[in-house]
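> 3D, please:
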Amino acid sequence: MLVLPFRRDVLMTFMPQQAIVAEIGVSEGGFSKCIFEKTKPKQLHLITPRI
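Okay, here's the model as predicted:
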């Protein structure tokens, strides 16, 4: 797992195109949409943990 101490917009510049991506803690999906539009992932797994 790769964890970077960046803001989300900066993180997007490091994300490869057409990768398999997982976002944990989706909430309302705003960043999920950004990931989808900018990186065109092969697979996008959206995970919201429920306690």
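> Which is the succeeding secondary structure element to the longest helix seen in the chain?
What stands out as the longest helix in the chain, according to DSSP state H, is helix 30-39. Sequence order places strand 43-47 as the next helix or strand after helix 30-39, per DSSP states H and E.
> Just the CA atoms of that next one, as PDB, please.
Extracted in PDB, the C-alpha atoms of strand 43-47 (Å, rounded to 0.1, in the frame of the first residue of the first chain):
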ATOM      1  CA  GLN A  43     -11.200  -1.100 -12.400                       C
ATOM      2  CA  LEU A  44     -12.400   1.300  -9.600                       C
ATOM      3  CA  HIS A  45     -13.200  -0.300  -6.300                       C
ATOM      4  CA  LEU A  46     -15.100   2.100  -4.000                       C
ATOM      5  CA  ILE A  47     -15.200   1.000  -0.300                       C
END
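> Report the inter-axis angle for the longest helix of the chain versus strand 43-47.
On the basis of axes from the mean of the first three to the mean of the last three Cα atoms, to 10 degrees, helix 30-39 is oriented at 170 degrees to strand 43-47.
> residues touching the residue nearest to residue 35 when sequence neighbours are not counted, list them.
Closest residue to residue 35 apart from its sequence neighbours, by Cβ to Cβ, 6 or more residues apart in numbering: residue 21 at 6.0 Å. Just so you know, the C-beta spots here come from the backbone N, C-alpha and C atoms, and that holds for glycine as well. Applying Cβ atoms under 8 Å, 6 or more residues apart in numbering, we find residue 21 in contact with 15, 35, 39, 41, 43, 44, 45.
> Apply 6 Å and report the result again.
Taking Cβ atoms under 6 Å, 6 or more residues apart in numbering as the criterion, residue 21 is in contact with 35, 41, 44.
> what's the answer for residue 47, then?
residue 24.
> Same question for residue 23.
Residue 23 is in contact with 32, 46, counting by Cβ under 6 Å, 6+ apart.
> helix or strand for it, which one?
Per DSSP H and E, residue 23 falls inside strand 20-24.
> low-scoring stretches of the chain, by residue?
Across the chain, the ranges flagged by pLDDT under 70 are 1-5.
> roughly how far apart are residue 16 and residue 27?
Separation of residue 16 from residue 27 (Cβ to Cβ, to the nearest Å): 24 Å.
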